[in-house]
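Colleague: I would like to see how this sequence folds:
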Amino acid sequence: MTVYFVGAGPGAADLMTVRGVRTLASCHVCLYAGSLVPRELLAECPPDARLIDTAQLDLDRIVAELLRAHREGHDVARLHSGDPSVFSAVAEQMRRLDAAGVPYEVVPGVPAFAAAAAALKRELTVPTVGQTVVLTRIAARATAMPEGEDLATLGRSRALLVLHLAAAYVDRVVEELLPHYGPECPAAVVAMASRPDEVVLRGTLADIASQVKEAGIVRTAVIMVGRSLGAEQFRDSHLYSSERERPHTGCGNSGASSADS
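Modeller: Predicted structure coming up:
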């Protein structure tokens, strides 16, 4: 059997990848994050699949279910919200599966920050304004941040920051970023990105905290801070520039190369 770590996407069921849906349809065991994964996706599992909500399970119990499926010869889908590559806690699960000799694969999903950018109708990397995006969080009740990855340090780059798991601490975020970005720096918060109850807040570092608190947002949100969010005057990308030299390609089925033209 194989364990498939599957990204369920940011919330909307139709933002799950085709590969992810096909994987669910082939697995007779599915462990899913019940508080975050859309219930509609579970309908993609086989009718007789064993469905296990992991919301109340600790790591040992989750891994025990994966090993049980392995012993019984079943492929298993481990369904995570967003994309497994970011803040998904799959690394410790993989480590235990490696130790047990259980094979696994990863099926990527649409990350929350991408869905948030879509809701804002913004490209996060804008020519001459910002070409760097930092995905991070802050240390609160969760695992401490490594040395050098605190907001005060990351803020010195003035790159676009995308903060997960930080909406409940928005005052602290603003306080630590103000010295580097200034009060007029564009900021945004997207909660429940891509879902029917999606909330989109736009503002600056000066007012975004009050907006978040007024909206009652404390979880399932990303905070974005950076100049790219408000960029209007910028140079067009070189990618589609008329000045860019492009190779000549033949058309149709003639098989002619650029040298034949």
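Colleague: Can you tell me the SS state at His180?
Modeller: helix (DSSP: H, G, I helix; E, B strand; the rest coil).
Colleague: Chain neighbours aside, what residue packs nearest to it?
Modeller: Counting by Cβ to Cβ, 6 or more residues apart in numbering, the nearest residue to His180 once its immediate chain neighbours are dropped is Gly155, at 3.7 Å. Every residue, glycine included, has its C-beta placed from N, CA and C.
Colleague: The closest residue to Thr17 other than its chain neighbours: neighbouring residues, count only.
Modeller: Among residues not flanking Thr17 along the chain, Gly109 sits closest, at 6.3 Å (Cβ to Cβ, 6+ apart). Applying other Cβ atoms under 10 Å, we find 26 residues neighbouring Gly109.
Colleague: returning to what we had before: Provide a list of residues in contact with the residue nearest to His180.
Modeller: Leu161, Glu176, Leu177, Pro179, His180, Tyr181 (Cβ atoms under 8 Å, 6 or more residues apart in numbering).
Colleague: Repeat that for Pro179.
Modeller: Residues near Pro179 by Cβ under 8 Å, 6+ apart: Ala152, Gly155.
Colleague: per-residue confidence at it?
Modeller: Per-residue confidence (pLDDT) for Pro179: 96.
Colleague: try the one 3 residues further on
Modeller: pLDDT recorded at Gly182 is 97.
Colleague: I'd like to know how far it sits from Leu31.
Modeller: Plainly put, Gly182 is 45 Å away from Leu31 if you go by Cβ to Cβ, to the nearest Å.
Colleague: For these two, work out which one has more neighbours and name it.
Modeller: Leu31 (24 against 13).
Colleague: which residues are contacting the helix or strand where that one lies?
Modeller: Assigned by DSSP states H and E, Leu31 belongs to strand 29-32. Residues from elsewhere that reach strand 29-32 (Cβ under 8 Å, 6+ apart): 8, 24, 41-42, 45, 49-54, 62, 65-66, 69, 74-79.
Colleague: That one: what's the following helix or strand?
Modeller: Proceeding N to C from strand 29-32, the next assigned helix or strand is strand 50-53, under DSSP H and E.
Colleague: before we move on, back to that, out of the contacts of Gly155, which is nearest to Ala12?
Modeller: Closest approach to Ala12 among the contacts of Gly155 (Cβ to Cβ): Leu161, at 24.6 Å.
Colleague: Just the C-alpha atoms of the helix or strand where that closest one lies, please, in PDB.
Modeller: Element membership of Leu161, judged by DSSP H and E, is strand 160-164. The C-alpha trace of strand 160-164 is given here as PDB (Å, rounded to 0.1, in the frame of the first residue of the first chain):
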ATOM      1  CA  LEU A 160       6.100  40.900   0.700                       C
ATOM      2  CA  LEU A 161       5.300  39.000   3.900                       C
ATOM      3  CA  VAL A 162       2.600  36.400   4.000                       C
ATOM      4  CA  LEU A 163       1.800  35.300   7.500                       C
ATOM      5  CA  HIS A 164      -0.100  32.200   8.300                       C
END
